[in-house]
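J.: Let's see this in three dimensions:
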Amino acid sequence: MRRISVCISILTGALLAGLGATPPAAAAQTRSLAIAGGTHEGGGGGDEPTGTALARGRYAVVVNLDENRLYFKQGTLTLWSAPIGTGTGLELRDGKEKWDFSTPRGVFHVKYKEKDPVWIAPDWFYVENKLPVPPPNDPKRYFPGGLGAAAVYLDHDLAIHGTDKPELVGQRVSHGCIRLRDRDALRLYHDVQVGTEVVIVGRAHYDTPAPAAQGGSKTFDPEHEKPTVDRTLEGWKKLSTDDLLVVLGDELWLPPDASRWTEVAGLLLDRATKEQDTAALEGLLSGLGDLPSTRVEREYSAFLADAYSRAPLLTLQTLSRLDHATARRAAKAIVTTTMNLYNGDFTDPGAPWPTQRIPRSQVDDDAEAGWTVLVAAEQAFRASHGPASASARDAEGAVRG
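T.: A predicted model of the protein is given here:
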């Protein structure tokens, strides 16, 4: 059976007419997502697939197909969860071609992640919608917004991504991928790194049709209106960095079901990494010392790890301007969280030690003090996570300043 499980977000009629250019991001997706077939570790058997990250006290994503829900966890602690859309379990045939629209179970690891991804429509999209199938790499296959605001790629044919039809989240509506509301997709984008474990559990087989998908009208509706504008979020985007940091401080202390701190932190991260806004990054790095709970602290640390992965030199320069205690606490969070988001052996050549992300020769005088505290944090982490400290390593979870 041929399976391409990259599911579609709702597209507009204008996009169906085709586009004239191939974005750089789409080229990478062509290589990784337009390939059919593939097997998945831990999938297809009778027993539930089991990962190892959570048992080690590390971060992992758990997708439960029975509940249509995603969980972001560290060890035994659930940091947040959200409803998801999953595969319908239906099949599509076209001559000798056959596509299976179920979400596979198994143990996966994040391959890469992308904001504002471009969806590359596979053949089944055109077959399903009774449209002529264009040649491979034809501009008509490229749809900006087709995967929502962000995507986390698990395999060449599997992703967790946003959607512009959030009312269908919580149901079996996709072509195999895992859909999140855009705000949750962006949150996950900031939380995970390459190598983070994702475990998909639940139904081994799709024995009954997906009610939401019968007739196909709910998985493709070009006339569907876009979600209403989030006026609160749009208002935050217009604030100065200083004012946005005040909002972040307020949101962090709201009850979990009312707080939108991750969205505010995401805006600040974008300012720091895209606009070189050092005030935004300094505020984020300094905020680690005043957080309301362990759950928030652990996820906030994941945002700091993301800031470093996207802008290592700027982060080192910003750490250099902080007082030593604040810089030391932030560096420890970056190192500890980066390594705990990875599920391989810390002695592996590809282990994501933060000092390996930037050549030492690129660390200028403005970043020297930040580099020093980062090296010290790595040395402390290595010392406490060596072979003799295996039990302590597996039990450790929280980042403590």
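J.: Could you work out the end-to-end span of stretch 232-245 for me?
T.: 15 Å (Cα to Cα, to the nearest Å).
J.: and that stretch, how far out from the chain's middle?
T.: The chain centroid and the centroid of stretch 232-245 are separated by 23 Å under Cα atoms, centre = their mean, to the nearest Å.
J.: what does that stretch contact?
T.: 247, 260, 263-264, 267-268, 271, 277, 279-280, 283, 287 (Cβ atoms under 8 Å, 6 or more residues apart in numbering). (Each C-beta comes from the backbone N, C-alpha and C, glycine too.)
J.: same thing but 10 Å
T.: 183, 230, 246-248, 251, 260, 263-268, 270-272, 275, 277-284, 286-287 (Cβ atoms under 10 Å, 6 or more residues apart in numbering).
J.: Out of those residues, which sit inside strands?
T.: Counting by DSSP state E, these place none of their members in strands.
J.: So how do I select the buried members of the residues you listed in ChimeraX?
T.: Filtering the contacts of stretch 232-245 down to the buried ones (16 or more other Cβ atoms under 10 Å) takes a single ChimeraX command:
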select :183,247,248,251,260,263,264,265,266,267,268,270,271,272,277,278,279,280,281,282,283,284,286,287
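J.: What about the contacts of stretch 232-245, which are in helices?
T.: With DSSP state H as the criterion, helices contain 183, 246-248, 251, 263-268, 270-272, 275, 278-284, 286 from among the contacts of stretch 232-245.
J.: hey, where'd the strands end up in the stretch 151-300 of the chain?
T.: Along the stretch 151-300 of the chain, the stretches classed as strands by DSSP state E, counting those that start in this stretch are 158-161, 172-174, 178-179, 197-201.
J.: Which helix or which strand is home to Val62?
T.: strand 59-64 (DSSP states H and E).
J.: between that strand and strand 197-201, what angle do the directions make?
T.: In terms of direction (axes from the mean of the first three to the mean of the last three Cα atoms, to 10 degrees), strand 59-64 departs from strand 197-201 by 20 degrees.
J.: In terms of secondary structure, what does strand 59-64 contact?
T.: strand 69-74, strand 77-83, strand 106-109, strand 150-155, helix 182-191, strand 197-201, helix 294-310, helix 324-340 (3 or more Cβ pairs under 10 Å, 6 or more residues apart in numbering; DSSP states H and E).
J.: Each with direction, which strands does the fourth one pair with?
T.: It stands for strand 150-155. strand 112-115 (antiparallel), strand 158-161 (antiparallel) (DSSP bridges).
J.: buried stuff in the first one?
T.: Along strand 112-115, these residues count as buried under the neighbour rule (16+ other Cβ under 10 Å): 113-114.
J.: Distance across stretch 127-146, terminal residue to terminal residue?
T.: 17 Å.
J.: Select, out of the strands paired with strand 150-155, the one closest to Ala376.
T.: strand 112-115 (28.9 Å; Cβ to Cβ).
J.: what packs against the next helix or strand after that closest one?
T.: As assigned by DSSP H and E, the chain's next helix or strand after strand 112-115 is strand 118-120. Under the contact criterion of 3+ Cβ pairs under 10 Å, 6+ apart, strand 118-120 touches helix 24-33, strand 142-144.
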